[in-house]
Structure formats: C-alpha cells, structure tokens
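>>> prediction below, plus the sequence it came from.
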Amino acid sequence: MKEKLLELTQFNWLYNHWKNLVSQLDKKDVNIIVTDLDDTIFSRNEQLEWSEELRKNRGVNWNTKIINEIWIKNYIDTWVKWKDYPKNIISLLNKKTDVIITAGFLEIQKMKVQELWISDYKMIVVDEWKDKIISTIQYIIYDLGFIPSSITIYEDRPEFFVKYRDLLSDILWTKIIVNKVHMTDNNTSPEIIEIK
C-alpha cells in the first residue's frame, strides 16, 4: 500500500503515521458521506451546452477562464445564482459529519455553495483529483476524529476513488463504498450507480 500512497504524495512516512493515528481513534457504527460538488450535487451541463467558451476550457483552464476573462461574479450570477438543482445527494448529508470535497478554485466553490444555499455544509476545496484521496484521509483523522464503519463516496468521476479504494480502506480500517453519479441537468434526478 505504501507504493500506492507514493503515487499521491512524496511523503512515504505518512502511511505509518496515519496508521498509528487511526489506531488511537474510536470506531463508531456510522456511515460518513464524502461527495463532490460539480456534476454530483450541481450539474454544469447547462453551462457547457450554452457557453462554447466554458466548453473549450474544461479542466485546468476552467478556473483561469472564469477568473481572468468571465469574472467570478458574472459566472456565478449567470450559471449558479437562483438555479434549482436535484436534492438527491445533498439531502443525504449530515452537516455534522459528512463533507463535500471538490476540486477547483476556493473562491469560486465558496460562492457556488453560498448561492446554492448549502454553505453550512462542510467543504474542502483541493487543487486536483488526487488531492481528494489525501483530503479524505485527513478529514477522517483530524476533523471527524473517529473511524466510521463505512465511507460512502458520491462522484461524477469516481475512477480515482476506485483506484485508491484499497489504500483508503487499509489506512482508515473501514469499508469504502464508491458511487458514480451521472447528472444530465439540474432538473432531473441523477443516476447513482455503486461501483463494486
């Protein structure tokens, strides 16, 4: 498992360090939810269909395009503010224990959750997908402070959670359930499929 961790961080000592910390935490018969924001709780498909500018700049260039050319406020006002979205995932979250871990630019993500009226949920914003794995481990150990009996993941791009499921389970001594979420838009309930 240490080799898998080295794909995510150069600090191989973290494996033993985290395992030691986990051994000192209480285990509780509780399921914790870790969910993504974009295209899991709130769909960006409308934005991509209507804006060639955003469609051409998915991924790394997305935040730069919004910040430098479209302006964050214009983006939020046009594509997020007053928009409804399906409550299937957000209705499952416990504000005290569950967390949204999303990749992106902190200010954009914070403005989104404010306009979606979900800013009272715990949220961690990371730079890129691989950071979600590390952040999940850190959230459980340092913020949650106990080991849940299971962690349920909701993700539109669950590949990395599938790839590192064994690592998460090994370090956190818990069952990891990974669900792929497919949103067609913000008017339709998402399709949720558990990945075995």
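That came through, no problem.

>>> can you give me the helices for the protein?
Using DSSP state H, the helices found in the chain span residues 2-6, 14-23, 45-50, 52-56, 60-65, 72-79, 106-115, 130-138, 159-163, 165-172.

>>> elements contacting the last one?
Contact analysis of helix 165-172 by 3 or more C-beta pairs under 8 Å, 6 or more residues apart in numbering; DSSP states H and E lists helix 2-6, helix 14-23, helix 130-138, strand 147-155, strand 175-182 as its packing neighbours. The C-beta positions use only the backbone N, C-alpha and C, and glycine is treated the same way.

>>> check which residues of the last one are buried.
Using 16 or more other C-beta atoms under 10 Å as the test for burial, strand 175-182 gives 176, 177, 178, 179, 180, 181.

>>> just the second one next, same as before
The neighbour-count check on helix 14-23 (16+ other C-beta under 10 Å) flags 14, 15, 18, 22 as buried.

>>> residues contacting it, please?
For helix 14-23, the external contacting residues (C-beta atoms under 8 Å, 6 or more residues apart in numbering) are 1, 2, 5, 137, 141, 147, 171, 172, 173.

>>> could you check how far the third one is from residue 168?
The one in question is residue 5. According to C-beta to C-beta, to the nearest Å, residue 5 and residue 168 sit 10 Å apart.

>>> likewise the fourth one?
Between residue 137 and residue 168 the distance, using C-beta to C-beta, works out to 7 Å.

>>> most neighbours among the contacts of helix 14-23, which one?
Scoring the contacts of helix 14-23 on neighbours with other C-beta atoms under 10 Å, the highest-scoring entry is residue 171 at 24 neighbours.

>>> pLDDT-wise, which helix or strand of the protein ranks last?
Ranked by mean pLDDT, DSSP states H and E, the helix or strand of the chain with the weakest confidence is helix 60-65, at a mean of 57.

>>> poorly predicted segments of the chain, please.
Residues of the chain that meet the criterion pLDDT under 70 lie in 47-73, 79.

>>> how about a cut-off of 80?
1-2, 44-80, 82, 105 (pLDDT under 80).

>>> in JSON lines, list the buried residues of strand 175-182 along with distance to residue 154.
Converted to JSON lines, the buried residues of strand 175-182 look like this (distance: C-beta to C-beta, whole Å):
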{"residue": "176", "distance to residue 154": "12"}
{"residue": "177", "distance to residue 154": "10"}
{"residue": "178", "distance to residue 154": "9"}
{"residue": "179", "distance to residue 154": "5"}
{"residue": "180", "distance to residue 154": "9"}
{"residue": "181", "distance to residue 154": "5"}
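
>>> on that earlier part again, so for residue 80, which of the helices and strands packed on helix 165-172 sits nearest?
Within the helices and strands packed on helix 165-172, the stretch nearest residue 80 is strand 175-182; the backing value is 18.3 Å (C-beta to C-beta).
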